[in-house]
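A.B. asks: A predicted structure for the sequence below; I have some questions about it.
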Amino acid sequence: MSIQQEKIKELVERRASARLGGGQKRIDAQHSKGKLTARERLGLLLDEGSFEEFDMFVQHRCTDFGMDASHTDGDGVVTGRGTIDGREVYVFAQDFTVNGGSLSKTMSEKICKVMDMAVTAGAPIIGLNDSGGARIQEGIDALAGYGEIFERNILASGVVPQISGIFGPCAGGAVYSPALTDFTLMIENTSYMFLTGPSVVKSVTGEVVDQEQLGGAAVHTSKSGVAQLSAHDEQEGIRTIKKLLSFLPQNNLGTAPERPTQDPVGRMDNSLNDIIPDNPNKAYDMYGVIASIVDDGDFLEIHKDFAKNIIVGFAHMGGRSVGIVANQPRVLAGCLDINASRKAARFVRFCDAFNIPLVSLVDVPGFLCGTHQEYGAIISNGAKLLYAYGEATVPKVTVTLRKSYGGAHIVMSCKQLRGDVNYAWPSANFAVMGAEGAVGIIYGKQLKAETDPEKSAALAEEKKREYNDLFCNPYQAAKKGYIEDIIEPRNTRFRVIRALESLSNKRQQIPAKKHDNLPL
Ligand code: HXC
């Protein structure tokens, strides 16, 4: 064998060894927990044969606390680039089989390198987390490594899409990298995120809680809202990440790829002409409206289990990627509350940062009231959504289906927040509040003064009728130019797509500033 061939053989062996990470025993242990390895995950995520690995031979430099003998090529993270459906992405996947995927300084350098490359190339970053957190033996070096990653998450925010998959533990300060990214997906029952684990919680607060209850996928997708997506298993999680990516552009200077469809732009849906119940207090399902108007009924919902009174997610309309924001009359009558405002504001801002037009479907009776909401700062939180819509310069097409009352009317992409095209169904009504409340305030004293209860009730009914005739229709708004048109519900798909087409070259600026001061 020539010297050159010997060296090639050594390379092949080194590569094979590096690919084994922490060794077959640890790989088996990973599998026995129902988890895939870092490389198996990347194999599912990326187009076959597209993965190009970087820094496979990087080793940690720590010699403290028993670390000197435990060098492994790659040091607990697999990094590189590849393609998903032919589109460039940069990836890192932590390898739990090497020191529990814990973050060393060299691991952070590998991750930072692909993050920097992604920003330079204008391509999304996908990180698959499975780690015991900061490598204990490296002390401040490990913490510095996290700091380097966080800073890059911040600088890349709004420049390239950042997606985090939580495929195992993600504890301590490590949770802040996913929290800084655009989307976090968790795997049910095998992943968890928390600042301090169950044992610390018990010693500090006395609270007894297990990992799942403290920071499992169900907790973060439904209670905290920290994670936007979850999946039953890793395969489904990877499929969801790929699907999410299909709605997104490569970076903030591009637009999302168009998706050809056989679904006719002019498809009418007669069922929409019957969807609004006669009783204004009766609910209907906004999912039905969304499914009816988007291409092929295909909708990727974000934050599905969190603040269900508002629905947000991605779809295509006429082949174009759009962000849908819709009140859900079935939950809290579609009122805006703290969590709904936070959820929708973040989504609107993401869409605006990445040139994804916004389609808003409005049926909102107002903000949720009461001490719980006021003490929790519904004022500041509601202002987030108001701010997000008002700041957004992407095309904004809004359809009001039924109620659009009070402050919530303004928040939900009204004309004055630079809404581009605002339509209303004939069932829409725009008012400061509903008839019941309005009559109580304006005629309350008169109604109380009336000693005959029948007369009082009759007067209340008469005033409600008068109020409804006056305000509870779309014609007042149309008369004053606050909406562009009143449309037949069954035509909604066509009208929205045509509006989006007309706005495809929209140009709008916000005043020059260092950055805004969103009411956080
Ligand atoms: C070094 C670690 C490690 C860590 C795990 N390992 N976490 N090594 N630093 N942080 C090693 C273990 O010693 C073990 O090595 C191997 O990884 C697998 O770990 P196990 O404990 O055997 O696995 P498992 O039973 O599945 O438990 C996983 C775990 C547990 C729940 C993640 O390892 C754990 O609690 N680790 C510590 C978590 C933590 O508190 N991290 C610090 C968070 S604070 P051997 O060789 O024995 O197999 C933080 C600050 C970040 O991260 C600040 C950023 C600003």
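C.D. replies: Thanks, I have it.

A.B. asks: List the buried residues for stretch 298-317?
C.D. replies: For stretch 298-317, burial by neighbour count (16 or more other C-beta atoms under 10 Å) applies to 299-303, 305-317. Yep, even glycine has a C-beta here, placed from its N, CA and C like the rest.

A.B. asks: Tell me where the stretch 351-500 of the chain has helices.
C.D. replies: 371-375, 378-391, 406-411, 435-449, 453-471, 475-479, 492-502 (DSSP state H, counting those that start in this stretch).

A.B. asks: Excluding sequence neighbours, find me the nearest residue to the closest residue to the ligand within the stretch 201-350 of the chain.
C.D. replies: Using C-beta to the nearest ligand atom, residue 211 is the residue of the stretch 201-350 of the chain that sits closest to the ligand, at 7.7 Å. Spatial nearest neighbour of residue 211, excluding adjacent residues (C-beta to C-beta, 6 or more residues apart in numbering): residue 192 at 4.7 Å.

A.B. asks: next one: residue 65
C.D. replies: residue 137 (4.1 Å).

A.B. asks: next one: residue 237
C.D. replies: residue 231 (3.6 Å).

A.B. asks: Residue 23 too?
C.D. replies: Residue 23 sits nearest to residue 97 (C-beta to C-beta, 6+ apart), 6.9 Å away.

A.B. asks: and the one you found, what does it touch?
C.D. replies: Listed by C-beta atoms under 8 Å, 6 or more residues apart in numbering, the contact set of residue 97 reads 21, 22, 23, 26, 27, 29, 30, 37.

A.B. asks: Need the pLDDT of the first one.
C.D. replies: Residue-level confidence at residue 21 comes out at 94, pLDDT.

A.B. asks: shouldn't it be in contact with residue 77?
C.D. replies: No. Look at residue 21 against residue 77 with C-beta atoms under 8 Å: they stay out of range, at 9.8 Å.

A.B. asks: just to revisit the earlier point, to residue 111, which of the helices of the stretch 351-500 of the chain lies closest?
C.D. replies: helix 378-391 (29.6 Å; C-beta to C-beta).

A.B. asks: which parts of the closest one are buried?
C.D. replies: 378, 381, 382, 383, 384, 385, 386, 387, 388, 389, 390, 391.

A.B. asks: ok, those vs residue 453, which is closest?
C.D. replies: Nearest to residue 453 among the buried residues of helix 378-391 is residue 378, at 35.6 Å by C-beta to C-beta.

A.B. asks: Any idea how many residues pack against residue 211?
C.D. replies: Residue 211 has 17 neighbours, counted by other C-beta atoms under 10 Å.

A.B. asks: Tell me the spacing between it and residue 202.
C.D. replies: Applying C-beta to C-beta, to the nearest Å, the value for residue 211 to residue 202 is 12 Å.

A.B. asks: for the strand ranked longest in the chain, packing partners?
C.D. replies: Using DSSP state E to define each element, the chain has its longest strand at strand 396-405. For strand 396-405, the elements it packs on are strand 358-364, strand 421-424, strand 429-431, helix 492-502, judged by 3 or more C-beta pairs under 8 Å, 6 or more residues apart in numbering; DSSP states H and E.

A.B. asks: Counting by contacts, list what the second one packs against.
C.D. replies: Other elements packing on strand 421-424 under the criterion 3+ C-beta pairs under 8 Å, 6+ apart are strand 396-405, strand 485-486, helix 492-502.

A.B. asks: Noted, bye for now.
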